[in-house]
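Asker: With the sequence up front, the predicted model follows.
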Amino acid sequence: MEANENFEHILERFKAASLEQKIEIYTSVRGLSVEQFKELLKYFPIKELGRLEKLMV
């Protein structure tokens, strides 16, 4: 249950974050499942996905 609560906290922070903060959270968080990362991407601006992709390489 703790992992799910931790993800909920990360998700709430992500939703409220600026673009720069979203990038920082997405690229630095560890231990999430593929589904959890996909959930975060739902709240990331589509126009900025290329920028995020460059940082993930």
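Answerer: Perfect, thanks for sending it. Residues are numbered from 1 along each chain as shown.
Asker: what's the longest helix in this protein?
Answerer: Counting by DSSP state H, the longest helix found in the chain is helix 2-16.
Asker: Packing partners of that helix?
Answerer: With contacts defined as 3 or more CB pairs under 8 Å, 6 or more residues apart in numbering; DSSP states H and E, helix 2-16 has these neighbours: helix 19-28, helix 34-41. Heads up, the C-betas are built off the backbone N, CA and C, glycines and all.
Asker: could I get those helices as a markdown table with mean neighbour count and distance to residue 49?
Answerer: Listed next are the helices and strands packed on helix 2-16 as a markdown table, based on neighbours: other CB atoms under 10 Å; distance: least, CB to CB, whole Å:
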| stretch | mean neighbour count | distance to residue 49 |
| --- | --- | --- |
| helix 19-28 | 14 | 11 |
| helix 34-41 | 12 | 8 |
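Asker: Counting neighbours, what do you get for the residue lying closest to residue 19 once chain neighbours are set aside?
Answerer: Leaving aside its chain neighbours, residue 19 sits nearest to residue 48 (6.2 Å; criterion: CB to CB, 6 or more residues apart in numbering). For residue 48, the count of nearby residues is 12 (other CB atoms under 10 Å).
Asker: and the gap between residue 48 and residue 35?
Answerer: Distance of residue 48 to residue 35, given as CB to CB, to the nearest Å: 21 Å.
Asker: Ok, residue 53 next?
Answerer: Residue 53 is 19 Å from residue 35, where distance means CB to CB.
Asker: Any stretches of this structure with poor pLDDT?
Answerer: For the chain, the stretches flagged by pLDDT under 70 are 1-3.
Asker: cutoff 50 now
Answerer: 1 (pLDDT under 50).
Asker: for it, which residue is closest to the average position?
Answerer: With distances taken as CA atoms, centre = their mean, the residue of the chain nearest its centroid is residue 26 (3.7 Å).
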